[in-house]
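Give the three-dimensional model of this entry:
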Amino acid sequence: MKKLLVVDDNLDYLRSLVSIMKKHFEVYEASGVKEALQVLENTEIEAICSDYNMKDGTGLDLLEEICQKGITVPFLLISSGDDCLLEQKTKLYGGVFCSKTDYDLIGKIKSLINTETA
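This next block holds a predicted model:
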C-alpha cells in the first residue's frame, strides 16, 4: 500500500482526512512542519498532502525544506483560500496547489500518487 503523509495543525480536519485516506493508503500524520520532517526522516513517504497555514510554519516552508534536502516526493499544498500567488510559489517548488473546499480534493490526493507512480 502506498504511503501518504497528511500534515495539518487543525486536528479535527487532520483526523477526518486521515480517516478517509486510510481506505486507499497507508497514512502517516503530522500536526506541523517539524513533526512532518521527523516522519520524513524515519519513513519513506510516497506523497505529501499539507495544509498551508500552521502554527510552526507553512506548508510552503515544508515543501522548500524537503526540496533543499533533496527529497523528491509528490506534494499537494492545500489551503482554505484560493491564492494565485501561493499556487505559483507551490508550482515553483514542484508541488500542486488545491483549495480545501475543492469538490475533488480526495480525487486530487489519490491522483498525486497514481500519476507519479504510473
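
just checking, residue 24 touches residue 111?
No - using C-beta atoms under 8 Å, residue 24 is not in contact with residue 111; the gap is 11.1 Å. Where you see a C-beta, it was placed from the backbone N, CA and C, and this is true even at glycine.

Need the residues touching each of those two.
The contact sets of residue 24 and residue 111 do not overlap (C-beta atoms under 8 Å, 6 or more residues apart in numbering).

pull the helix or strand with minimum mean pLDDT from this protein.
The helix or strand of the chain with the lowest confidence, counting by mean pLDDT, DSSP states H and E, is helix 105-117 at a mean of 75.

what's around residue 105, how many residues?
Applying other C-beta atoms under 10 Å, we find 17 residues neighbouring residue 105.

so is the residue most central in space within the chain in a helix, a strand, or just coil?
Per C-alpha atoms, centre = their mean, the C-alpha nearest to the average position across the chain is that of residue 49, at 1.6 Å. What DSSP: H, G, I helix; E, B strand; the rest coil gives for residue 49 is strand.

just checking, what packs against the helix or strand containing residue 12?
Using DSSP states H and E, residue 12 falls within helix 11-21. Applying 3 or more C-beta pairs under 8 Å, 6 or more residues apart in numbering; DSSP states H and E, one finds that helix 11-21 contacts strand 3-7, strand 26-30, strand 47-51, helix 105-117.

Buried residues of it, list them for me.
The neighbour-count check on helix 11-21 (16 or more other C-beta atoms under 10 Å) flags 14, 17, 18, 21 as buried.

would CSV of these with pLDDT and distance to residue 34 be doable?
Compiled in CSV, these are given as follows (pLDDT from 0 to 100; distance: C-beta to C-beta, whole Å):
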residue, pLDDT, distance to residue 34
14, 94, 15
17, 92, 20
18, 94, 18
21, 92, 22
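
Residue 101: which of those is nearest?
residue 17 (13.2 Å; C-beta to C-beta).

Name the nearest residue to that closest one, ignoring sequence neighbours.
Distances taken as C-beta to C-beta, 6 or more residues apart in numbering put residue 6 closest to residue 17, at 5.5 Å, once the chain neighbours are dropped.

repeat for residue 34
Nearest residue to residue 34, sequence neighbours excluded (C-beta to C-beta, 6+ apart): residue 56, at 5.5 Å.
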